[in-house]
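> Provided below for reference: sequence and predicted model.
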Number of protein chains: 2
Amino acid sequence: MSRFTIAALALAASLPSAVLAAPAYDADGRLRFPNDYRTWIYLSTGLGMSYNAVAMGGEVFDNVFVDPVSYKAFLETGTWPDGTELVLEVREAQQKGSINKSGHFQGAAVHREVHLKDSTRFKGGWAFFPFSDETPAKMIATTADCYSCHQAHGAVDTTFVQFYPTLLPIAQEKKTLSASYLADEAK
Amino acid sequence: MSRFTIAALALAASLPSAVLAAPAYDADGRLRFPNDYRTWIYLSTGLGMSYNAVAMGGEVFDNVFVDPVSYKAFLETGTWPDGTELVLEVREAQQKGSINKSGHFQGAAVHREVHLKDSTRFKGGWAFFPFSDETPAKMIATTADCYSCHQAHGAVDTTFVQFYPTLLPIAQEKKTLSASYLADEAK
């Protein structure tokens, strides 16, 4: 058995359970912070993106991650199963640092937001949970703009798969693009 | 056993071996393309970054991933073991698309480059391999600028950990920052 095989087995045995587990709520229905989301599957990054009336304020990076179980399901089906957790991580955009001469690189994380699918709990199937730290978070009320915008423009099941370049071709192939997204694209 | 536990076990059993394996060379010493690097650990993204005399041309995103075994070793030691593969993925930066109104999001991947540590093979411990597609790649000659720049300015063991916000604090804590980086910072 090689050194690498041994290391691989040790890693598999030590994978934190949160990486592969269902979302967990506390007794008051608040969502627990997904501590290990940085070991989940990376989907994409934007810089300074804005697509609704209220911009996030300042030019920031946004990174998106998804739990590995739901990622695997998406590869097979082109859509998301119950239990899907998408994490939006917002980071400062820095310009001056070390030997960088132009462009932007990522600084501190300033906000996280989880978009969670659980049709047994949420009307419409999904809910948003904002985290300013690792304290369990209350869901955002369904009257907020994020729900209507994701519903009206998300490419797959109210999620912005049109901005995830490795997933969009799968949704096209599996024909899981939403009617509202196809209508947007036909304009 | 819950549905999620079963799914987690199924995922662990089906993880592609490349995710956890040592780098593989072909008979001519070319490095095989790491097909599954998008399931590796994400480190960070820049947009339009440039820190040597020759910029990459145009404003592009660069995403960096590392194999999970070496990531785990870094968390424990603050430096990289032999077998470390860092993948730089360069993607087009798009502005117009769907409902996006400002900023940039990621388009097609246009280039990948692997930075590989294998002290049994490479003078200085590391080598770069450029991939324009998934064909095995020849290493870049050690006379290229990338080697001297990484050597002179990389925060940890010739790698740009100063641009990986989740790893820099670990290197600070483990005191693995390079003398050349500390000298840069003291200027």
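Nice, I can see it.

> just the CA atoms of stretch A:134-147, as PDB, please.
Extracted in PDB, the C-alpha atoms of stretch A:134-147 (Å, rounded to 0.1, in the frame of the first residue of the first chain):
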ATOM      1  CA  GLU A 134     -21.500  31.000  12.800                       C
ATOM      2  CA  THR A 135     -24.600  31.400  15.000                       C
ATOM      3  CA  PRO A 136     -27.600  29.400  13.800                       C
ATOM      4  CA  ALA A 137     -29.700  31.700  11.500                       C
ATOM      5  CA  LYS A 138     -33.400  32.400  11.100                       C
ATOM      6  CA  MET A 139     -34.800  32.000   7.600                       C
ATOM      7  CA  ILE A 140     -35.400  35.200   5.500                       C
ATOM      8  CA  ALA A 141     -39.100  35.900   5.200                       C
ATOM      9  CA  THR A 142     -40.500  34.700   1.900                       C
ATOM     10  CA  THR A 143     -41.700  38.300   1.100                       C
ATOM     11  CA  ALA A 144     -38.000  39.300   0.500                       C
ATOM     12  CA  ASP A 145     -36.900  40.100  -3.100                       C
ATOM     13  CA  CYS A 146     -34.400  37.200  -3.200                       C
ATOM     14  CA  TYR A 147     -37.300  34.700  -3.400                       C
END
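
> now it: buried residues?
For stretch A:134-147, burial by neighbour count (16 or more other Cβ atoms under 10 Å in any protein chain shown) applies to A:136-137, A:139-140, A:146-147. For every residue, glycine as well, the C-beta is placed using N, CA and C.

> that one near chain B anywhere?
No. Residues of stretch A:134-147 are not located near chain B by Cβ under 8 Å from any Cβ of the partner chain, the shortest gap being 12.5 Å.

> residues in contact with the nearest residue to residue A:24 once chain neighbours are set aside?
What sits nearest to residue A:24 in space, not counting adjacent residues and going by Cβ to Cβ, 6 or more residues apart in numbering or on different chains, is residue A:32, at 4.7 Å. Neighbouring residues of residue A:32 by Cβ atoms under 8 Å, 6 or more residues apart in numbering or on different chains: A:23-26, A:136.

> just the buried subset of these, written out for PyMOL, thanks.
In PyMOL, this line selects whichever of the contacts of residue A:32 come out buried by 16+ other Cβ under 10 Å:
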select buried, chain A and resi 23+25+136
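
> can I get the contacts of residue A:32 in a markdown table with pLDDT and secondary structure?
Below are the contacts of residue A:32 laid out as a markdown table (pLDDT from 0 to 100; DSSP: H, G, I helix; E, B strand; the rest coil):
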| residue | pLDDT | secondary structure |
| --- | --- | --- |
| A:23 | 71 | coil |
| A:24 | 86 | coil |
| A:25 | 91 | strand |
| A:26 | 90 | coil |
| A:136 | 96 | coil |
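
> out of the contacts of residue A:32, who's nearest residue A:165?
Nearest to residue A:165, judged by Cβ to Cβ, of those is residue A:23 at 25.8 Å.

> I figured the closest one hits residue A:83, correct?
Yes. Counting by Cβ atoms under 8 Å, residue A:83 is a contact partner of residue A:23 at 6.4 Å.

> quickly list what's touching both of those two.
Common neighbours of residue A:23 and residue A:83, using Cβ under 8 Å, 6+ apart, are residue A:118.

> now do the phi/psi pair for the residue nearest to residue A:24.
The phi/psi pair for residue A:32 (degrees, to the nearest 10) reads phi -70, psi 150.

> how confident was the prediction at the most centrally placed residue in chain A?
Residue closest to the average C-alpha location in chain A (Cα atoms, centre = their mean): residue A:86, at 2.7 Å. Confidence at residue A:86, expressed as pLDDT, is 97.

> could you find the closest non-adjacent residue to it?
Nearest to residue A:86 is residue A:115, by Cβ to Cβ, 6+ apart, at 4.3 Å.

> next one: residue A:118
Counting by Cβ to Cβ, 6+ apart, residue A:118 lies nearest to residue A:82, which is 5.8 Å off, once chain neighbours are set aside.

> assumed that neighbour was part of a helix.
No. Using DSSP: H, G, I helix; E, B strand; the rest coil, the assignment for residue A:82 is coil, not a helix.

> report pLDDT for it.
At residue A:82, pLDDT is 94.

> with residue A:27 instead?
Residue A:27 is given a pLDDT of 89.

> list the buried residues in stretch A:176-187.
In terms of neighbour count (16+ other Cβ under 10 Å), stretch A:176-187 has its buried residues at A:176-178, A:181.

> returning to that earlier point: what is the neighbour count of the residue nearest to residue A:118?
Neighbour count of residue A:82, defined by other Cβ atoms under 10 Å in any protein chain shown: 17.

> for chain A, which spans come out with low pLDDT?
Across chain A, the ranges flagged by pLDDT under 70 are A:1-22, A:51-58.

> please, where are all the helices along it?
A:3-14, A:17-20, A:68-77, A:145-153, A:168-174, A:179-186 (DSSP state H).

> show me the longest strand that occurs in chain A.
In chain A, ranked by residue count with DSSP state E as the criterion, the top strand is strand A:102-117.

> parallel or antiparallel, which strands does that strand pair with?
Strand A:102-117 has the following sheet partners, assigned by DSSP bridges: strand A:85-94 (antiparallel), strand A:126-131 (antiparallel), strand B:41-50 (antiparallel).

> now do that strand against helix A:145-153, angle only.
Counting by axes from the mean of the first three to the mean of the last three Cα atoms, to 10 degrees, strand A:102-117 lies at 90 degrees to helix A:145-153.

> buried stuff in strand A:102-117?
Using 16+ other Cβ under 10 Å as the test for burial, strand A:102-117 gives A:103-107, A:109, A:112-117.

> looking at it, residue A:104 is touching residue B:49, isn't it?
Yes. Residue A:104 lies in contact with residue B:49 (Cβ under 8 Å); the separation is 7.2 Å.
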